[in-house]
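[1] Give me coordinates for this.
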Amino acid sequence: MTKKLEDIQKRHSSIKTIVSSQEIYNQTQLVKVLKQKGIKATQATLSRDLTELGVGRVPTSNGLIYKLGAAGDEGTLKNRIAEEIISVNGNETMIVVRTFPGRAQGVAVFIDKKNDPEFLGTIAGDDTILIIPRSTKKIKKTNEQLKTILGLE
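    Just a heads-up that it's a prediction; the model follows:
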């Protein structure tokens with residue numbers, strides 16, 4: 001496993017623990033708590049992480065706080081994923097999803113978690129995802145199915 005992937009997993013694990021055990025009111029507070037644990041993160045990275053983890057803000061008597069799973073319902077998550085995508089295009093063998101910079105990995109995780117039998121897997125870069133379909137004979141159908149999964153249709 002690469003160092004970058006290990007760092008992401010460590011940060012994600014810490015975020016889940018923190019928002020489950022403390023009242024976190026904003027991303028600035030979360031950055032400070034992570035820093036105390038020896039984890040550096042920018043607000044942009046944190047925003048992406050919170051979306052990927054399905055963390056959302058819920059009202060309490062003290063104000064809005066972050067909670068795990070609060071934004072994880074299918075509709076909300078699908079809408080957020082759709083906002084990250086610039087285009088979905090395919091040829092006779094593969095499908096390419098273009099995202100805003102830094103968003104491809106989160107979108108790929110969302111696709112992978114669907115465990116759709118039509119997809120063998122994904123490969124994500126910074127702003128591009130390569131989708132490998134199970135069958136090239138049904139590529140057009142698979143492309144349309146992907147757009148539905150991503151909330152684009």
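[2] tell me, how many neighbours does residue 88 end up with?
    By other Cβ atoms under 10 Å, 19 other residues sit near residue 88. Every C-beta, even on glycine, is put in place using the N, C-alpha and C of the backbone.
[3] Oh, that last question was meant for residue 121, not what I typed.
    12.
[4] How about it, nearest residue that isn't a chain neighbour?
    Spatial nearest neighbour of residue 121, chain neighbours left out: residue 132 (5.4 Å); criterion: Cβ to Cβ, 6 or more residues apart in numbering.
[5] Does the one you found touch residue 119 like I think?
    Yes: judged on Cβ atoms under 8 Å, residue 132 makes contact with residue 119 at a distance of 7.0 Å.
[6] These two: which is more packed in?
    Counted by other Cβ under 10 Å, residue 132 and residue 119 do not tie: residue 119 has more neighbours, with 19 against 13.
[7] Show the model's pLDDT score for the more buried one.
    What the model reports for residue 119 is a pLDDT of 91.
[8] Quick one: residues contacting it.
    Each residue near residue 119 by Cβ atoms under 8 Å, 6 or more residues apart in numbering is listed here: 111, 131, 132, 133, 134, 142, 146.
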